[in-house]
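Asker: here are the coordinates; sequence isn't available:
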Ligand SMILES: [Mg+2]
């Protein structure tokens, strides 16, 4: 009888322990699932040339249905390019986007008045947008670059604005109307470099000392202030949080897409990074290794292909 009671007690204890372990396991599974599937606000910040637009012919219409699906599911798509204000407005309209956008390598953010009824702090009015300037005005850049310090480098520089129409078309891949628009810049000077790499490194170093920088895009170098696309992303997120843009308290998950060196700053700080392959070029390499998606195809298909591999995107488009 006593032996029977002892066995019963042991069995009881084992059962209690087992149920405790099961409860812990259940809570753990619940927690993992909650993290994976909890509501998220997804923000895709993307470069244009070579990333969303085909490098050679700037085509993007083939992925319009995918973009429409993303926006219809509440995904915010923010264009962030070395292109200027008018150029990005045209593409934003072509993509049916009414999101904020970032111009000239992080030089300024534009919030459409249609969606941002209240003026964001420190912004000024420009056409149908609120403008936040982060970069250096073009006049100031032009003045600085003409100083004696840079005389020795300027013989290796050919500015886009000083090229013949034929050269401009060759180096940008743009046709005449689009060329006129791309020259209407406010914060940068596109150029090509004809010196050695060593001289370029020295040029960049001296530019940095004068609060300027050279950003490498898919085709050209861009002389700007010290602003980067990464800085602009940080600013944008701060504004979206302050303005409670997503109208909820869920976290904002960021996916940054790019193909060139000037995209790295935003791709290192985003939650996910999409590296789109450029034709005949080695993919850019990031310091980070987690949540990096390299496309096999070039733009625009490569853009869609890599985004479709990301779990949170797969989840909402299935
Ligand atoms: Mg690019």
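Answerer: Yep, it's here. Since we're looking at a predicted model, the values are computed, not measured.
Asker: Just want the phi and psi numbers for residue 289.
Answerer: Reported as degrees, to the nearest 10, the phi and psi values for residue 289 are phi -120, psi -20.
Asker: Quickly list what residue 157 is bridged to.
Answerer: Beta-bridge pairing of residue 157 under DSSP bridges involves residue 193.
Asker: wouldn't it be in contact with residue 189 here?
Answerer: No: Residue 157 is not in contact with residue 189 according to CB atoms under 8 Å; the separation is 9.1 Å. Placement of C-beta: from N, CA and C, glycine included.
Asker: Between the two, which has more neighbouring residues?
Answerer: With other CB atoms under 10 Å as the criterion, residue 157 and residue 189 differ in neighbour count, and residue 189 comes out ahead with 22 against 19.
Asker: Tell me the residues of the stretch 201-318 of the chain that contact the ion?
Answerer: 218, 259, 260 (CB under 5 Å from the ion).
Asker: can we see that at 6 Å?
Answerer: Residues of the stretch 201-318 of the chain that fall close to the ion, judged by CB under 6 Å from the ion: 217, 218, 259, 260.
Asker: Taking those residues together, which two end up most distant?
Answerer: 217 and 259 (9.0 Å; CB to CB).
Asker: overlap in contacts of these two?
Answerer: Shared contacts of residue 217 and residue 259, defined by CB atoms under 8 Å, 6 or more residues apart in numbering, comprise residue 49.
Asker: what about the two, which has more around it?
Answerer: Comparing residue 217 with residue 259 by other CB under 10 Å, the one with more neighbours is residue 259, at 28 against 22.
Asker: coming back round to it: closest one of the residues of the stretch 201-318 of the chain next to the ion to residue 311?
Answerer: Distance to residue 311, by CB to CB, is smallest for residue 259 among those, at 22.6 Å.
Asker: what about the closest residue to residue 135 other than its chain neighbours, how many neighbours?
Answerer: Across the structure, with CB to CB, 6 or more residues apart in numbering as the measure, the residue nearest residue 135 apart from its sequence neighbours is residue 107 (2.9 Å). Burial of residue 107, expressed as a neighbour count using other CB under 10 Å, amounts to 28.
Asker: ok, the host helix or strand of residue 254: who's next to it in the sheet?
Answerer: Residue 254 is part of strand 252-258, with elements assigned from DSSP states H and E. When pairing is defined by DSSP bridges, strand 252-258 lines up against strand 41-46 (parallel), strand 272-277 (parallel).
Asker: who's in contact with the helix or strand that the first one is followed by?
Answerer: Yep, that's strand 41-46 we're talking about. Once the chain leaves strand 41-46, the next helix or strand it forms, by DSSP H and E, is helix 64-72. Taking contacts as CB under 8 Å, 6+ apart, the residues outside helix 64-72 that touch it are 44, 77, 95, 96, 97, 304, 307, 313, 316, 317.
Asker: give me that answer again for 6 Å
Answerer: Residues from elsewhere that reach helix 64-72 (CB atoms under 6 Å, 6 or more residues apart in numbering): 95, 304, 317.
Asker: Show the buried residues in the residues you listed.
Answerer: Among those, those buried by neighbour count (16 or more other CB atoms under 10 Å) are 95, 304.
Asker: Make JSON lines out of the contacts of helix 64-72 and add distance to residue 143 and secondary structure.
Answerer: Rendered in JSON lines, the data for those read as follows (distance: CB to CB, whole Å; DSSP: H, G, I helix; E, B strand; the rest coil):
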{"residue": "95", "distance to residue 143": "36", "secondary structure": "coil"}
{"residue": "304", "distance to residue 143": "43", "secondary structure": "helix"}
{"residue": "317", "distance to residue 143": "49", "secondary structure": "helix"}
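Asker: Could you find the lowest-pLDDT member of the contacts of helix 64-72?
Answerer: Minimum pLDDT for the contacts of helix 64-72 is recorded at residue 317 (89).
Asker: May I have the residues that are in contact with that residue?
Answerer: Neighbours of residue 317 in contact, by CB under 6 Å, 6+ apart: residue 69.
Asker: 8 Å instead?
Answerer: By CB under 8 Å, 6+ apart, the contact list for residue 317 reads 69, 70, 73, 308.
Asker: mind listing the helices for the protein?
Answerer: Taking DSSP state H as the test, the helices found in the chain are 2-37, 64-72, 85-94, 138-145, 151-154, 165-172, 176-182, 197-209, 229-242, 264-267, 301-309, 311-317.
Asker: Packed most tightly, which of these would that be?
Answerer: Each of those was scored by mean neighbour count; the highest is helix 264-267, a mean of 24, by mean count of other CB atoms under 10 Å.
Asker: thinking again about what came up before, is it possible to export the strands paired with strand 252-258 to CSV including mean pLDDT?
Answerer: Compiled in CSV, those are given as follows (pLDDT from 0 to 100):
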stretch, mean pLDDT
strand 41-46, 97
strand 272-277, 97
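Asker: Could you give the separation between the terminal residues of stretch 253-271?
Answerer: Chord length of stretch 253-271, first to last residue, is 6 Å (CA to CA, to the nearest Å).
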